[in-house]
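Novice: sequence first, then the predicted structure, then my questions.
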Amino acid sequence: SPAISVNQNSSRRRHGDDYRRLAGLAFMFSSSILLQILACAIYGNWWPMLSALMYVVVPMPCMFFGGGSTQFLISRDGGGWIDAAKFLTGASTVGSLAIPIILRHAQMIETGAMLIEFTSFFIFICTVMCFHRASLDDDW
């Protein structure tokens, strides 16, 4: 029947959009990690990889306290664990910016490596924001 085929086509189209979103998020995250590695390899100094540790720490509060969702970050609801998760997310995000700045100030890395680290961080934050936006959609 035509109604079923139209419904199947829209379902296929929606799944195709989901796959494109997922592929885009994977590409953005991979680009961020590639820039992290390039910041180290170009200048022959692996100290900038310290900020990559923070990339592992940033999603941990969402996984442990938010059930894998980013919904709690924008809610006004409070409570001990929710507030702790918001604090840990903010602290690890600030740490991702602070580590390259501190390393540059201590003259352990070059300015170019620091700028590449900032670009990597910007792409990573854009990836997290796109994931948050996609997780808010009812269809995803």
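Specialist: Everything's here; your move.
Novice: name the SS class of Q107, please.
Specialist: On the three-state scheme (DSSP: H, G, I helix; E, B strand; the rest coil), Q107 is labelled coil.
Novice: residues near it, how many?
Specialist: One way to gauge burial is a neighbour count; for Q107, by other Cβ atoms under 10 Å, it gives 7. Using the backbone N, CA and C atoms, a C-beta is placed for each residue, glycine as well.
Novice: phi, psi for it please.
Specialist: Dihedral angles of Q107 (phi, psi; degrees, to the nearest 10) stand at phi 60, psi 40.
Novice: ok, the closest residue to S96 other than its chain neighbours - how many residues close by?
Specialist: Computed as Cβ to Cβ, 6 or more residues apart in numbering, the closest residue to S96 that is not its neighbour in sequence is M54, at 4.1 Å. By other Cβ under 10 Å, the residues close to M54 number 19.
Novice: how much space between M54 and D17?
Specialist: For M54, the distance to D17 (Cβ to Cβ, to the nearest Å) stands at 31 Å.
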